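# coords please:
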Amino acid sequence: MSTIYSTTADSFVEEATSDGSWNDAQGSATTDGGAYHSSRPFWDYGVYNGNFGSRGSNDYKCNRSYFVFDLSSESGTVDSATISIYLDNLGTSSGNSARVILVEATALDDGVEDHGNVFSSGVTWHNALSNNMPISTTAQYVDFTMNGDGETLIQNAIGSGSVTVGLVGFHNDYSENIPTGGGNYTKIKVWYRNNIGTYADPKMEITYTAAVTDNATFFGANF
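Below is the predicted model:
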């Protein structure tokens, strides 16, 4: 098994202003003053979905976190892979709002606040890479087992490049359920590579297919 920690390019993008439209909140944060952060050790709002308006107004928030894994030094054929991220649920403690999912993302451009790197076009999502996972109110590693698309993404980057994944809210963000005012909300604290030590660093663990060794013994052969 090989363990690869995320690079220090892991980050989150948050919105700096109110959004009256859920579609706008999901789109590029650049258009409304979003902020890109790649130097925080952790953040309470690493994944944040909800409607926090008052008196009938809508104030949607949609934060996502991103992780980059450099696989250029790896070699082999992937048998299975898991991405583990240290998380704590600070929002609604049960139901779909307490769930997150990993989605393929395009490479991050430092300083460019763009939620759109989880979409293939418009609001069409890139491939989901894992099942959606419930997040506990106790801080701990959550293991996301890669599905077939995740394994293929990793295999294609081994020996030559990096993989970027987005951590997003499952119910409101990925499943496109518009948050209701005063309703359930997703708020996940996320730890990043810049945390001191490696006890909570995001990591990828890859199990490679063992090489086949031919130890057949030949009997009665004439040499």
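# please verify my assumption that residue 189 contacts residue 46.
Yes: if you go by CB atoms under 8 Å, residue 189 and residue 46 touch, sitting 6.2 Å apart. Using the backbone N, CA and C atoms, a C-beta is placed for each residue, glycine as well.
# distance of residue 98 relative to residue 170?
According to CB to CB, to the nearest Å, residue 98 and residue 170 sit 9 Å apart.
# shared neighbours of residue 189 and residue 46, anything?
residue 87 (CB atoms under 8 Å, 6 or more residues apart in numbering).
# near residue 3, how many other residues are there?
For residue 3, the neighbour count with other CB atoms under 10 Å is 12.
# and if you look at residue 27?
Neighbours around residue 27, by other CB under 10 Å: 20.
# contacts only, for it.
Counting by CB under 8 Å, 6+ apart, residue 27 makes contact with 115-116, 123.
# sorry, back to before: and residue 189 and residue 46? Which one has more around it.
Shown here are residue 189 and residue 46; by other CB under 10 Å, residue 46 has more neighbours (28 against 18).
# wasn't that one part of a strand?
Yes: assessed with DSSP: H, G, I helix; E, B strand; the rest coil, residue 46 lies in a strand.
# quick one: contacts for the residue most central in space within the chain?
Nearest to the geometric centre of the chain sits residue 167, at 2.7 Å (CA atoms, centre = their mean). Shown in contact with residue 167 (CB under 8 Å, 6+ apart): 46-47, 64-67, 85, 100-102, 188, 190.
# and if you look at residue 145?
Taking CB under 8 Å, 6+ apart as the definition, contacts of residue 145 comprise 80-82, 130-131.
# now for this structure, the helix or strand with the poorest mean pLDDT.
strand 35-37 (a mean of 71; mean pLDDT, DSSP states H and E).
# name the nearest of the contacts of residue 27 relative to residue 194.
Among the contacts of residue 27, residue 115 lies closest to residue 194 (CB to CB), at 21.3 Å.
# the chain: strands as residue ranges?
Secondary structure of the chain (DSSP state E): strands located at 2-5, 11-14, 35-37, 42-51, 60-70, 78-89, 99-105, 119-121, 124-125, 133-134, 140-145, 162-169, 186-191, 203-208.
# write down the beta-bridge partners of the residue nearest to the centre of the chain, one by one.
residue 65, residue 102 (DSSP bridges).
# may I have the distance across stretch 191-199, first residue to last?
End-to-end distance of stretch 191-199 (CA to CA, to the nearest Å): 10 Å.
# give me the residues contacting it.
So stretch 191-199 is contacted by 5-8, 10-12, 38-43, 65, 85-87, 200-202 (CB under 8 Å, 6+ apart).
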